[in-house]
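Engineer: Kindly return the folded structure for what I paste below:
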Amino acid sequence: MSPIHSSQDTLMSSMVKKAGRTLIPVFMGAALAATLSGCQTTADIPAEQTAAPGFWQSHQGRLMSITSINMLGRVIIEQQGERRAVNFFYRGSGNDSYELRLIAGGGKQLALLKVEPSRAVLDMKGTQHTGRSAEELLLRHLKIKLPVNNFHKVLMGMSLGEDSKVNDFGLVTRSTLGAYTIDYLDYDSYQNIAIPRQLQITGNDITVDVTIRDIRDVQIKYPE
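Structural biologist: Purely as a prediction, here's the structure:
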């Protein structure tokens, strides 16, 4: 696929090359302390039943205080016996408006998905496809089935309902969204906020492994 030339393509290519920077997992010290003290995690119980509900509520509040965030990462998609791997650049906000760029290994843009609460636009090869559902656009034009209508909450590790499971540190470890299951495998710390680093999305016929390699330009608005 041919790239869509813009001033942001150079930035995306540069960010891809610099994406190897690793953040420090927020709960490594706490996890080690828990292990040494013989504590067990509660990753298999609902959020409202965790032994530390205050941790969960506080963490969710901190995630919701993020008004803007940029992420660079990689997705590996296994669907119907086929395997695809692409880089991505994500720019999201707390109101479910976001941009998702799919980037080839050389930094060339493959597709740009712009999502707002009322509509979605998929830009491919300079041609725009518009619809009310981002999921329908991806399925129709890229043959990829993903829960992208709620992608901001999925990437951020926000609770998606009563079925969300958390650990002792208030971090979501598993959520369900319709036919999809989201498992959060690892977290990093950015400005003292735990943000998922690795997650896996599984559905009826698809498995998607997501790795966040870089986080930047985070804007936070704490309640007064």
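
Engineer: gap between the nearest residue to Gln60 once chain neighbours are set aside and Arg91?
Structural biologist: Nearest in space to Gln60, with sequence neighbours left out and distances taken as CB to CB, 6 or more residues apart in numbering, is Ser159 at 5.8 Å. The C-beta positions use only the backbone N, C-alpha and C, and glycine is treated the same way. Using CB to CB, to the nearest Å, Ser159 is found at 22 Å from Arg91.

Engineer: rewinding a little: from what I can see the residue nearest to Gln60 touches Val172, true?
Structural biologist: Yes. Counting by CB atoms under 8 Å, Ser159 touches Val172, with 5.9 Å between them.

Engineer: the more surrounded of these two?
Structural biologist: Counted by other CB atoms under 10 Å, Ser159 and Val172 do not tie: Val172 has more neighbours, with 28 against 20.

Engineer: What's opposite the more buried one in the beta bridge?
Structural biologist: Val166 (DSSP bridges).

Engineer: same check, this time on the one 5 residues further on
Structural biologist: On DSSP bridges, the residues paired with Leu177 through beta bridges are Tyr180.

Engineer: Which residues are in contact with it?
Structural biologist: By CB atoms under 8 Å, 6 or more residues apart in numbering, the contact set of Leu177 is Pro147, Asn150, Val154, Leu160, Gly161.

Engineer: what are the phi and psi angles of Arg62?
Structural biologist: phi -70, psi -40 (degrees, to the nearest 10).

Engineer: Pull the contacting residues for the residue nearest to it when sequence neighbours are not counted.
Structural biologist: The shortest distance from Arg62 to any non-neighbouring residue, by CB to CB, 6+ apart, is to Ile193 (4.9 Å). Counting by CB under 8 Å, 6+ apart, Ile193 makes contact with Val26, His59, Arg62, Leu63, Ile66, Val218, Ile220.

Engineer: any idea how far Gly161 is from the fifth one?
Structural biologist: Read it as Ile66. With CB to CB as the criterion, Ile66 and Gly161 are 20 Å apart.

Engineer: Could you do Gly107 as well?
Structural biologist: 37 Å.

Engineer: what does Leu72 give?
Structural biologist: 28 Å.

Engineer: For this protein, just list every one of the helices.
Structural biologist: 7-17, 28-37, 53-64, 134-142, 151-156 (DSSP state H).

Engineer: Mean pLDDT lowest where, among the ones you listed?
Structural biologist: Comparing mean pLDDT across these, the weakest is helix 28-37, with a mean of 34.

Engineer: check contacts around the most centrally placed residue in the chain.
Structural biologist: In the chain, the centroid-proximal residue (CA atoms, centre = their mean) is Leu155; its distance is 1.9 Å. Each residue near Leu155 by CB under 8 Å, 6+ apart is listed here: Met71, Tyr90, Gly92, Pro196, Leu199, Val210, Ile212.

Engineer: Run through the bridge partners of the fourth one.
Structural biologist: Just to be clear, that refers to Pro196. Residues in beta-bridge contact with Pro196 (DSSP bridges): Tyr187.
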